[in-house]
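# Structural data only, the sequence is not supplied:
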């Protein structure tokens, strides 16, 4: 059961001029479920992405990187993305690379473009061969139902252990010109992106140059998909792709312009919503925790402490139980690896409740106040370090019985 | 239910000449349970310890460090250790320090020594004031039942969420002289010592000089208590103490002697048994996993990878389910933070089953072989990096429904 995550309404997901989406039930791992998605881009679209830092990065991630690098040496623009669930095509060696390339070639042939103009994505079980023949066999079905208003189906097609599809739209007016953007994402375990969720795609109809789009996708990821954790496991397949179809009125080419600043703000805002959706639908999640660490000497140390809190199984189970056993938060701060931390200066709040003052229990703190906040479904943990002026925020969820059930049963 | 951990037999726990143990039901947190332990040492005993690296180290840890440092500037020898459960006296600020010192003073007065000759230890809930008056009130009871053969009761007295007491003895013959050693330890959550378990005590009757004992305790901890993880949470109170009463026949004063080498080997061996007992009794544990990473360029990178595997909730739940979803191990290796890791050279075994070969699935690997090993209660995960000649081994347990239950309910 996701935390305050309403089902998207298909009619509210705005088509983005310049992109069509089609899906199929290809039977990659299980029958009778949408497990293959094709995104077809019009000519002139720009695509940029950020990918997992996992050294065991999956074959499709390697192929994506190669095809995107090709753009810098004058390669033809990206015309399609193809995504399968049910199999991650990771830990599959050379055969996996060949399968990812075969997927691109097959789609390219059907769409009439080059294989290098296709970006492949996979998510699912690691260490098993990709059933490329079933994926290829599903492609005609996906192409047959290509439509601009297929975002809801697209969001469903990339789900794995997600309990519901994740999608959102925005329309922003920048310099008198309307930009339409729609994105989808999926989680919901193996989530501590060193970069992104397992998969996130955000398309807009602005025209953005390739270097600017690459800059924009990194900026947005750093404040969204790079700020979430469910279980601390960084996946082999994490990918977040930003697509600018160029079919709309706005064109942005100057990184110092007001238009760029407004567009990156809007993209970041939608990215945060998509990233938080993943946490809200975290495996077994019953609560959404926002962890903010302030007054640090560096952003890095703030993130270290925020993640130590967000990864602690003891903190996460206490939140699951609505038990204000808040010393566990102090313990996590203490072992986060900030070696010269002066704990006597640390203050801790749970929403508006001042729990720890100067490293010890706040004399005015009452257990019933902590209890009141712990019972909420959304809680902010705020830590002040009194070491500087930097800060960082991450989002995470609690650790419940269902997390164990889901992951103990995932393959069975 | 602990993993292959038989109850210690009180009669098999050997008294160590030069040390007596007494316990009390002091009602620190709950009534009618042993929660206070006094260890009384004869004159001339040496004591050395290693402590948590958590910046929020508890008040008793701070006092222990001060009293042990006093030995180096000619202070009188340690004569007693006092341990309470039910309250960690951590995150308690100056009041906590005063309480830890008051505990030492009270026991010192009863035993006729200085407060600086007492070492205090606490374990239990963080961020709550230590009920020092109840601890002091329990001391006469503990002193009244001081006995050399009280090790079983001692092991019971330091339990928190442990399901059973942990204790073991050894007798070793070194250079024709018998050394008797007995140790106790406790876990069982908040265990990823950057140094030690929450609490471990090992006493022997050899005579060992203070500098040599300090060297010995570090060497033993690095290969035992520093090699275990249950949930990745480093406690505020971890302490491992090595006591040499000097009441036996063997005297060791030369770090280069064969006697020292044999004694440190015996102490390390017993420490490993005590440390593994903690993992076997890990909260909710149903399996013991030994994780060995070989052929690394450094011990540090081997440990990084071993801990990434050992901390992964996805790996731990797969082992709980006996599900050979072994790609999760590769994913953990990939995100362990060894930046220049060439995954194409990695090989992975589960006991005798060769799972991954040169970074991909071993073509000869059969799911049923993985399944067979996964069903065992003790499993070795072996990773070869092909980068050098260093190696590291850690011990951990799986992540089960009971872990969540225990930690969601701990305070209620």
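Now that the structure is in, tell me what you want to look at. Note that this is a predicted model, so its numbers are computed, not measured.
# following the host helix or strand of residue A:331, which helix or strand comes up?
Following DSSP states H and E, one finds residue A:331 within helix A:327-334. Downstream of helix A:327-334, the next assigned helix or strand under DSSP H and E is strand A:347-350.
# mean confidence for the helix holding residue A:331?
The average pLDDT for helix A:327-334 rounds to 88.
# So which residues make contact with that helix?
A:305, A:308-309, A:311-312, A:314-315, A:318, A:341, A:343, A:346, A:348, A:355-356, A:359, A:381, A:383, B:54-57, B:88, B:90-91, B:125-128, B:190, B:233-236 (Cβ atoms under 8 Å, 6 or more residues apart in numbering or on different chains). In short, each C-beta sits where N, CA and C put it, glycine included.
# Residue A:23 contacts residue A:155, correct?
No. At 9.9 Å, residue A:23 does not count as touching residue A:155 under the criterion of Cβ atoms under 8 Å.
# Looking at those two now, which is surrounded by more residues?
More neighbours surround residue A:155 than the other of residue A:23 and residue A:155, with 30 against 24 (other Cβ atoms under 10 Å in any protein chain shown).
# so what's that one up against?
Counting by Cβ under 8 Å, 6+ apart, residue A:155 makes contact with A:8, A:165-167, A:184-186.
# Show me which residues of stretch A:87-104 are buried.
By neighbour count with 16 or more other Cβ atoms under 10 Å in any protein chain shown, stretch A:87-104 contains the buried residues A:87-93, A:95-97, A:99-104.
# Select, from those residues, the two members most distant in space.
Within the buried residues of stretch A:87-104, two members stand farthest from each other by Cβ to Cβ: A:91 and A:104, at 20.0 Å.
# picking up where we left off before, show me the contacts of helix A:327-334 that map onto helices.
A:305, A:308-309, A:311, A:314-315, A:318 (DSSP state H).
# any residue of stretch A:298-306 up close to chain B?
No. For stretch A:298-306, no contact with chain B is found by Cβ under 8 Å from any Cβ of the partner chain; the gap never falls below 10.2 Å.
# Which single one of the buried residues of stretch A:87-104 is nearest to chain B?
Nearest to chain B out of these is residue A:93 (Cβ to the nearest Cβ; 2.8 Å).
# Wait, that closest one touches residue B:359, no?
Yes. Under the criterion of Cβ under 8 Å, residue A:93 makes contact with residue B:359 at 5.7 Å.
# per-residue pLDDT, residue A:97?
95.
# Over to residue A:191?
With respect to pLDDT, residue A:191 has a value of 54.
# need the longest helix for chain A.
helix A:258-280.
# tell me which strands and helices the very next helix or strand once past that helix is in contact with?
Next in sequence after helix A:258-280, counting helices and strands by DSSP H and E, comes strand A:288-296. When contacts are defined as 3 or more Cβ pairs under 8 Å, 6 or more residues apart in numbering or on different chains; DSSP states H and E, strand A:288-296 packs onto helix A:258-280, helix A:299-311, strand A:378-384, strand A:390-397.
# Please report the distance of the closest residue to residue A:209 other than its chain neighbours from residue B:275.
In space, and not counting its chain neighbours, residue A:209 is closest to residue A:253: 5.1 Å by Cβ to Cβ, 6 or more residues apart in numbering or on different chains. Remark: distance between residue A:253 and residue B:275 (Cβ to Cβ, to the nearest Å) = 61 Å.
# Check residue A:346 too.
Distance from residue A:346 to residue B:275, by Cβ to Cβ: 31 Å.
# And residue A:333, by the same measure?
Distance from residue A:333 to residue B:275, by Cβ to Cβ: 26 Å.
# Check residue A:35 too.
Per Cβ to Cβ, residue A:35 is found 46 Å from residue B:275.
# What pairs with the helix or strand bottoming out on mean pLDDT in chain A, parallel or antiparallel?
Within chain A, no helix or strand scores below strand A:228-229, which has a mean of 73 by mean pLDDT, DSSP states H and E. If you go by DSSP bridges, strand A:228-229 pairs up with strand A:390-397 (parallel).
# neighbouring contacts of the strand it pairs with?
Counting by Cβ under 8 Å, 6+ apart, A:3, A:227-230, A:275-276, A:279-280, A:282, A:284-299, A:301-303, A:306-307, A:310-311, A:316 sit against strand A:390-397.
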